[in-house]
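*Asks:* after the sequence you'll find the predicted model.
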Amino acid sequence: MSKIKKITAHVVSAPVQKPFTSSRGWLYSVRGTCLVEIETEDGIVGWGECYGPSAVAKSFIDTQLGPRVIGMDPFDVEVIWESLYNRIKDYGMTGMAISAISGIDIALWDIIGKETGKPIHKLIGGAFRTEVQAYATGLYFIDMNRLTEEAVEEAQKFVSEGFRAIKMKIGLGSAKRDYERVAAVRKAIGPDVRLMVDSNHCFSVPDAIRLGRKLEDLDIDWFEEPISPEDIDGYIEVTRALDMAVAGGENDFTRWGFRDKIVRKAMDIVQPDVCAAGGISECKKIAAMAITHGVECVPHAWGSAVGLAATLHFIAAIPDQPPSLFPRPPLLEFEQEENPFRDHLAKTPIRQKNGIVKIPDGPGLGIDVDRAVIEKYRKA
């Protein structure tokens with residue numbers, strides 16, 4: 001069996017023509033990511049992606065993780081995962097160390113798929129679906145003088161493009177401002193388009209409950225990250241107080257990081273990111289644990305075509321929760337802000353049509369990475 005010969009972390013970055021922000025106040029003026037390339041002795045190449053600060057992920061891979069995988073069998077993906085995790089456990093049970101492992105894990109699954117001629121979803125249990133409904137993530141804060149108007153215009157644009165579900169940002173420091181902005185969007189898109197809100201953990205527990213109760217009148221599917229991710233007891237309070245679903249978990253890592261939130265049912269929906277929480281191997285375990293405890297799993301996604309493809313394979317392998325004659329399968333997060341790595345990195349881009357995205361069925365991730373895009377945006 002061919003062994004791993006080389007691992008390379010590519011840091012890429014591109015300026016954003018129209019900067020945007022959320023409740024955290026960080027201005028997104030640049031999009032970037034860390035792509036992981038693993039090559040075997042037979043010349044098979046697998047691609048992965050790391051969520052978060054790209055240079056930090058690259059440093060972990062170059063100095064701590066990459067040297068340990070050289071010479072190993074890529075099919076030993078679980079063995080490699082445990083080896084890497086135990087290597088950095090003393091200082092890296094969360095955060096960028098796990099993000100770096102995630103990129104490696106995804107790349108290994110891509111190799112295994114290419115070696116066997118099978119898409120990743122066939123290797124992790126099979127596909128419960130061949131396509132998935134996508135929701136457009138957007139409606140950030142751009143023009144502070146037109147926050148409601150710009151949100152309405154963007155939401156209408158998404159609907160005209162075929163999306164039947166939208167997630168918008170909230171967290172304007174006033175429950176009245178947030179409610180009026182969400183209400184304007186709901187009125188503009190009508191009652192038949194699903195609508196979710198995301199505050200990026202900016203509220204206190206009482207403020208989240210107060211706003212959440214008002215938003216329930218607008219038929220909101222879920223309230224994402226209402227409070228700080230560290231506050232499990234606070235999440236339990238918010239979740240118990242609201243009739244609408246509460247979601248979170250994009251800032252959590254590994255099965256151990258999700259364990260207490262799932263077991264204590266601190267939220268109705270957990271949102272692991274395959275590029276952050278531990279890769280496809282670990283996210284499968286997180287989803288299984290969630291389903292065991294009656295918690296939905298709807299992955300978070302933010303990044304390039306590599307991470308988007310990996311998320312699609314993961315979603316394909318998640319059963320309906322709960323199974324029924326008329327199920328509501330997990331949605332795909334398809335963020336819509338400017339991102340050349342989402343739109344151009346794959347030679348055949350991943351697109352939505354009428355709000356639907358097909359699960360890739362080619363070997364591995366099912367996409368071909370365009371190296372010219374990496375070279376164009378490579379950050380030294």
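*Replies:* Happy to help now that I have it. Predicted model only: the values in this text are computed from it and were never measured. Numbers count the residues shown, from 1 in each chain.

*Asks:* grab the most central residue of the chain for me.
*Replies:* A301 (1.9 Å; Cα atoms, centre = their mean).

*Asks:* what kind of secondary structure is that residue in?
*Replies:* coil (DSSP: H, G, I helix; E, B strand; the rest coil).

*Asks:* for it, what are its contacts?
*Replies:* D273, V274, G307, L308, T311, L332, E333, F334, E335 (Cβ atoms under 8 Å, 6 or more residues apart in numbering). Every C-beta, even on glycine, is put in place using the N, C-alpha and C of the backbone.

*Asks:* what number of residues lie near D143?
*Replies:* Residue crowding around D143 was assessed by other Cβ atoms under 10 Å; the count is 10.

*Asks:* do you know how far the residue nearest to K353 when sequence neighbours are not counted is from M267?
*Replies:* On the basis of Cβ to Cβ, 6 or more residues apart in numbering, the spatially nearest residue to K353 that is not a chain neighbour turns out to be G162, at 6.2 Å. Using Cβ to Cβ, to the nearest Å, we find G162 at a distance of 29 Å from M267.

*Asks:* coming back round to it: can you pick the most crowded of the contacts of A301?
*Replies:* Among the contacts of A301, V274 has the most neighbours (other Cβ under 10 Å), with 34 neighbours.

*Asks:* wait, is that one part of a helix?
*Replies:* No: counting by three-state DSSP, V274 is not part of a helix but coil.

*Asks:* element containing the residue nearest to K353, please.
*Replies:* G162 belongs to no helix or strand when assigned by DSSP states H and E.

*Asks:* what sits against it?
*Replies:* Shown in contact with G162 (Cβ under 8 Å, 6+ apart): Q352, K353, N354, G355, I356.

*Asks:* just put the residues you listed in TSV and tack on neighbour count.
*Replies:* Listed next are the contacts of G162 as TSV, based on neighbours: other Cβ atoms under 10 Å:
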residue	neighbour count
Q352	21
K353	11
N354	10
G355	23
I356	15
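
*Asks:* just the element for F158, please.
*Replies:* Using DSSP H and E, F158 falls in helix 147-160.

*Asks:* no no, F60
*Replies:* Mapping F60 onto the secondary structure by DSSP H and E places it in helix 54-60.

*Asks:* buried residues in the lengthiest strand in the chain?
*Replies:* Taking DSSP state E as the assignment, the strand of the chain that covers the most residues is strand 4-20. Buried residues in strand 4-20, defined by neighbour count with 16 or more other Cβ atoms under 10 Å: I4, I7, A9, H10, V11, V12, A14, F20.

*Asks:* by contact count, what packs against that strand?
*Replies:* For strand 4-20, the elements it packs on are strand 28-40, helix 54-60, helix 66-69, helix 96-116, helix 340-343, helix 371-377, judged by 3 or more Cβ pairs under 8 Å, 6 or more residues apart in numbering; DSSP states H and E.

*Asks:* circling back: which among the contacts of A301 gets closest to S102?
*Replies:* Checking the contacts of A301 against S102 by Cβ to Cβ gives V274 as the nearest, at 6.5 Å.

*Asks:* hmm, back to that, tell me the pLDDT at the residue nearest to the centre of the chain?
*Replies:* Here the pLDDT value assigned to A301 is 98.

*Asks:* would you turn the helices and strands packed on strand 4-20 into CSV with distance to K89 and mean pLDDT?
*Replies:* Below are these laid out as CSV (distance: least, Cβ to Cβ, whole Å; pLDDT from 0 to 100):
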stretch, distance to K89, mean pLDDT
strand 28-40, 20, 97
helix 54-60, 13, 98
helix 66-69, 13, 98
helix 96-116, 9, 98
helix 340-343, 31, 97
helix 371-377, 31, 98
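
*Asks:* is it possible to export those to CSV including mean neighbour count and distance to L218?
*Replies:* As requested, these are arranged in CSV below (neighbours: other Cβ atoms under 10 Å; distance: least, Cβ to Cβ, whole Å):
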stretch, mean neighbour count, distance to L218
strand 28-40, 21, 26
helix 54-60, 21, 37
helix 66-69, 18, 48
helix 96-116, 27, 34
helix 340-343, 20, 29
helix 371-377, 15, 39
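
*Asks:* can I get those in JSON lines with distance to A136?
*Replies:* Below are these laid out as JSON lines (distance: least, Cβ to Cβ, whole Å):
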{"stretch": "strand 28-40", "distance to A136": "17"}
{"stretch": "helix 54-60", "distance to A136": "25"}
{"stretch": "helix 66-69", "distance to A136": "36"}
{"stretch": "helix 96-116", "distance to A136": "24"}
{"stretch": "helix 340-343", "distance to A136": "12"}
{"stretch": "helix 371-377", "distance to A136": "23"}
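
*Asks:* for F258, find the nearest of these.
*Replies:* In terms of Cβ to Cβ, the element of those nearest to F258 is helix 96-116, at 11.8 Å.

*Asks:* report the angle between the axes of the closest one and strand 28-40?
*Replies:* With axes from the mean of the first three to the mean of the last three Cα atoms, to 10 degrees as the criterion, the two stretches helix 96-116 and strand 28-40 enclose an angle of 50 degrees.
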